[in-house]
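Student: pasting the structure only:
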């Protein structure tokens, strides 16, 4: 129950964001079916992912966790974020070779693990349909997917917004 204060710093950041969003395309169309890169992250709130090609953003995606997913282990959440992205962008990724970056280091060895639970086995079977390489990417460097995975469940309420 704190009052919302809109000062000079907030106005300056808003104007910069507005200028950048209106001046250049944020999303690009894919060019061919090569050089795709997927960045994934999971948090206790949701999944976030970014699909890129040649350092250009093709798509962003995020969703909140379902009730049953809130009980998943960290390992399952991170693997779930990868599966979420692959299912969503199947039409881009199926039949191509690409890299998936995650901030959960042990996922790069998931295909070599022998003891998996049923959920992980099902997801590994889905992963085997794709020609992807899972690599570790430190959390501090994975900022976009990290931010998308942490979206609040409650929307931010704005009483009035004037854009000139």
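Tutor: Yes, it's here. For clarity, every value in this text was computed on a predicted model and none was experimentally measured. Numbers count the residues shown, from 1 in each chain.
Student: Show me where the chain has its helices.
Tutor: 8-23, 74-88, 90-93, 118-127, 143-149 (DSSP state H).
Student: Show me how far the longest one is from its chain's centre.
Tutor: Spelled out, it's helix 8-23. Distance, stretch centre to chain centre, for helix 8-23: 24 Å (Cα atoms, centre = their mean, to the nearest Å).
Student: Can you measure across stretch 22-41, start residue to end residue?
Tutor: 28 Å (Cα to Cα, to the nearest Å).
Student: mind listing what's buried in it?
Tutor: Residues of stretch 22-41 classed as buried: 30, 35-41 (neighbour count, 16 or more other Cβ atoms under 10 Å). Any C-beta I mention is one placed from the backbone N, CA and C, and that applies to glycine too.
Student: about what we covered before: need the helices of the chain in TSV (columns: mean pLDDT).
Tutor: Below are those laid out as TSV (pLDDT from 0 to 100):
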stretch	mean pLDDT
helix 8-23	83
helix 74-88	93
helix 90-93	92
helix 118-127	91
helix 143-149	65
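Student: Using JSON lines, lay out those together with distance to residue 135.
Tutor: Formatted as JSON lines, these follow (distance: least, Cβ to Cβ, whole Å):
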{"stretch": "helix 8-23", "distance to residue 135": "29"}
{"stretch": "helix 74-88", "distance to residue 135": "11"}
{"stretch": "helix 90-93", "distance to residue 135": "15"}
{"stretch": "helix 118-127", "distance to residue 135": "14"}
{"stretch": "helix 143-149", "distance to residue 135": "13"}
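Student: How about the most centrally placed residue in the chain: what's its closest non-neighbour residue?
Tutor: Centroid-nearest residue in the chain: residue 49, 1.5 Å away (criterion: Cα atoms, centre = their mean). Leaving aside its chain neighbours, residue 49 sits nearest to residue 85 (3.7 Å; criterion: Cβ to Cβ, 6 or more residues apart in numbering).
Student: So what's the residue count around that neighbour?
Tutor: 25 (other Cβ atoms under 10 Å).
Student: Please apply the same query to residue 51.
Tutor: Residue 51: 22 neighbours (other Cβ under 10 Å).
Student: Repeat that for residue 17.
Tutor: Neighbours of residue 17 using other Cβ under 10 Å come to 10.
Student: Residue 69 now?
Tutor: 16.
Student: There's contact between it and residue 77 in this structure, I believe.
Tutor: Yes. Counting by Cβ atoms under 8 Å, residue 77 is a contact partner of residue 69 at 7.2 Å.
Student: picking that back up, who is the residue nearest to the centre of the chain paired with across the strands?
Tutor: Taking DSSP bridges as the rule, residue 49 bridges to residue 40, residue 61.
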